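> Dropping the sequence and predicted coords here.
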Amino acid sequence: LEVRAQPDFLLQRNFVEPKLVGAGLVGIAALLALLTYLLASNRQRKQQAEARILQLNASLESQVQARTQELEAARRRLRNVIDALPSMIGYWDKQLINQVANHAYASWFGVDPEALPGQHISSLLGPELFEANRKHIEAALRGEAQTFERSIRIPGSERMRHALTHYLPDCMDGEVQGFYVVVHDISEITEQRLQLQRDERFLHSLLDIVPGMILYCTPDRRCAFANAAFKSWLGLGQVELQGRSMRELLGEERYAWYQPYVERVLQGEPQQLERQLQDAEGHNREVWVHFIPDLDGSHVRGFFVLVTDVSALKQAQQRLQELNLELLERSEQAQSANQAKSEFLANMSHEIRTPMNAVLGMCYLLQRQPLEAGVLQMVRKIELSGNNLLAIINDILDFSKIEAHRLDIESMPFRLDDVLDQLA
């Protein structure tokens, strides 16, 4: 059986014509050529991209190397700066292991700072100092910054070094990674502060033993200092007066009395007065009150009030006045007695001189008479004794003249032999 297909039958079955098949083959060849071109282009671009990537990689490595060198130089500079600082600077992680320590640790603890990283903080501080700082360490690990003072013994010495310590938490994403330690040497400041406190205690003790009352007030008339005597006068004992107003301390009546003096002293004019005060026991005391301005150039920074009890001095002055009056009275009495004595001596000398002159005259006449040698000698002795007595009377009169400021000095000739005979 032979079967043959007719053209109509082939068309009915959608067979393609030979012309169409040739066109398709041409299209496929063009597509293959295009694909070949594209593959070649991609290979070239890939090579160019690889070359570009290699170039960028080399540039990046160069930049990373340069940046690394810069960071290393900056790290060295920062390390040199940190090591040059006299304060201790370190970092401790949350396990309390050291990561960084500057050279100041060597002078503070006598350790090699290069060997400190990796050590626990307790091995550096020691048991006693670690326990003293434990609460601050735990607070820093909770994220709380700490600032406190501590005294650290200098290695190989009995001296202490005073330190101001800061624990600064290192937080990242809300979690504490560790903390920085910054310690400053404040020994000089602390010693000055302690010396200032000692001087202040000494000054307060000195002012408290002063018997007078001392008060210092600010320009707003508030008490800044009062010694023990002032507190005792107010009957306040050891009550703190600092910051209290003068009106409150003295009361309205006393304050009103002193207010004019306070206003003038605040203008820079010193004031002083004498008045009577009543102490805490109700006794009246005589006092001197001085208001002294505390001047800084022309500016009044405050004023001092000095109150001195002069009751004993007033009593002594009064007693002295009484004694002076009594002495004046007795002096007048003595002058009257001395005047009476002078008058008595003058009268008595005249009364004695008259008969004595008569005796001396009779002796003179007897010596002119013919007498035996023994009798003549006795008459001469009577005359000599009379002259001596007359000289004594003259001396008494000279004392009277001296007291009356009427003594006259005379120059008269004399024989030395006669003077020596009279002395013998």
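Arrived safely. Every value quoted in this text rests on a predicted model; they were computed, and no experiment measured them. Residues are numbered from 1 along each chain as shown.
> Please name every helix or strand in contact with the lengthiest helix in the chain.
When the chain is parsed with DSSP state H, its longest helix is helix 18-84. The contact analysis (3 or more Cβ pairs under 8 Å, 6 or more residues apart in numbering; DSSP states H and E) places helix 18-84 against no helix or strand. For the C-beta atoms, the positions are set from N, CA and C on the backbone; glycine is no exception.
> start the count at 10, not 1, going forward
In the new count, where the first residue is 10, that last one comes out as helix 27-93.
> chain center to it: distance?
Centroid displacement of helix 27-93 relative to its chain, using Cα atoms, centre = their mean, to the nearest Å, is 76 Å.
> what helix or strand is Glu295 on?
Assessed by DSSP states H and E, Glu295 sits inside strand 293-305.
> Average pLDDT for the next helix-or-strand element following that strand, rounded please.
Under the assignment DSSP H and E, the closest C-terminal helix or strand after strand 293-305 is strand 308-318. Strand 308-318 carries an average pLDDT of 89.
> partners of strand 308-318, with directions?
Under the criterion DSSP bridges, strand 308-318 sits next to strand 222-226 (antiparallel), strand 293-305 (antiparallel) in its sheet.
> As CSV, those strands with distance to Asn236 and mean neighbour count would be great.
Output for those, formatted as CSV (distance: least, Cβ to Cβ, whole Å; neighbours: other Cβ atoms under 10 Å):
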stretch, distance to Asn236, mean neighbour count
strand 222-226, 4, 21
strand 293-305, 14, 16
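> Quick check: which ranges of the stretch 210-359 of the chain have low pLDDT?
Counting by pLDDT under 70, the low-confidence segments of the stretch 210-359 of the chain come to 246-248, 288-289.
> quick one: buried residues of the helix or strand harbouring Cys232?
Here Cys232 sits within strand 232-235, counting by DSSP H and E. Neighbour counts over strand 232-235 (16 or more other Cβ atoms under 10 Å) mark Cys232, Phe234, Ala235 as buried.
> and if you look at stretch 77-95?
For stretch 77-95, by 16+ other Cβ under 10 Å, it's Ile91.
> okay, the angle between the host helix or strand of Ala367 and strand 293-305?
Secondary structure from DSSP H and E places Ala367 in helix 320-376. Using axes from the mean of the first three to the mean of the last three Cα atoms, to 10 degrees, the inter-axis angle of helix 320-376 relative to strand 293-305 is 110 degrees.
> helices or strands next to helix 320-376 in the packing?
Judged by 3+ Cβ pairs under 8 Å, 6+ apart, the packing partners of helix 320-376 are strand 293-305, helix 382-412.
> if you compare these, which one is most tucked away?
strand 293-305 (a mean of 16; mean count of other Cβ atoms under 10 Å).
> Once you drop chain neighbours, what's closest to Arg310?
Of all residues not flanking Arg310 in the chain, Asp303 sits nearest, at 4.8 Å (Cβ to Cβ, 6 or more residues apart in numbering).
> which SS class is Gly291?
coil (DSSP: H, G, I helix; E, B strand; the rest coil).
> What about it? Give its phi and psi, please.
phi 90, psi 10 (degrees, to the nearest 10).
> Run a quick neighbour tally on it.
6 (other Cβ atoms under 10 Å).
> what's the answer for Ala60, then?
10.
> What's the separation between it and Ser71?
Distance from Ala60 to Ser71, counting by Cβ to Cβ, to the nearest Å: 17 Å.
> ok so, going back, who touches the strand holding Cys232?
Strand 232-235 is contacted from outside by 216, 223-227, 250-255, 258, 311, using Cβ atoms under 8 Å, 6 or more residues apart in numbering.
> do stretch 189-205 as well
95-101, 113, 117, 158, 169-177, 179.
> Buried residues of that stretch, list them for me.
For stretch 189-205, the neighbour count (16+ other Cβ under 10 Å) marks Tyr189, Val190, Val192, His193, Asp194, Ile195, Ser196, Thr199 as buried.
> Over to stretch 349-360?
Under 16+ other Cβ under 10 Å, the buried positions of stretch 349-360 are Ser351, Leu354, Ser358.
> again, but for stretch 126-140
Here stretch 126-140 shows Ile130, Leu133, Leu134, Leu138, Phe139 as buried, counting by 16+ other Cβ under 10 Å.
> The residues you listed: which two are farthest apart?
Ile130 and Leu138 (9.8 Å; Cβ to Cβ).
> Would you reformat the strands paired with strand 308-318 as JSON lines and include distance to Tyr46?
Below are the strands paired with strand 308-318 laid out as JSON lines (distance: least, Cβ to Cβ, whole Å):
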{"stretch": "strand 222-226", "distance to Tyr46": "105"}
{"stretch": "strand 293-305", "distance to Tyr46": "98"}
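> Which residue lies nearest the spatial centre of this protein?
Residue closest to the mean C-alpha point of the chain, counted by Cα atoms, centre = their mean, is Leu205 at 4.5 Å.
> Tell me the secondary structure of that one, please.
Criterion first, three-state DSSP; result for Leu205: helix.
> Roughly how far does it sit from Arg170?
For Leu205, the distance to Arg170 equals 19 Å [Cβ to Cβ].
> List the contacts of the strand or helix carrying Arg284.
According to DSSP H and E, Arg284 maps onto strand 280-287. Contacting residues not belonging to strand 280-287 are listed as 242, 270, 273-274, 293-300, 316, 319 [Cβ under 8 Å, 6+ apart].
> one step back: out of the strands paired with strand 308-318, the one nearest Arg84 is which?
Per Cβ to Cβ, nearest to Arg84 of the strands paired with strand 308-318: strand 293-305, 51.8 Å.
> Report the angle between that closest one and strand 280-287.
Using the same axes, to 10 degrees: strand 293-305 against strand 280-287 is 150 degrees.
> List every C-alpha atom in strand 293-305, with coordinates, as CSV.
Taking C-alpha atoms only, strand 293-305 is exported to CSV below (Å, rounded to 0.1, in the frame of the first residue of the first chain):
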residue,chain,number,x,y,z
ASN,A,293,26.1,94.7,136.3
ARG,A,294,29.5,95.0,134.7
GLU,A,295,31.4,98.0,133.5
VAL,A,296,32.7,97.3,130.0
TRP,A,297,34.6,99.0,127.1
VAL,A,298,33.0,98.2,123.7
HIS,A,299,35.0,98.6,120.5
PHE,A,300,33.6,98.3,117.0
ILE,A,301,36.5,97.7,114.5
PRO,A,302,35.8,97.5,110.7
ASP,A,303,37.4,94.7,108.7
LEU,A,304,38.7,96.7,105.7
ASP,A,305,39.9,95.4,102.4
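> Which among the strands paired with strand 308-318 is found nearest to Ala343?
Between the strands paired with strand 308-318, strand 293-305 lies closest to Ala343; by Cβ to Cβ that is 34.2 Å.
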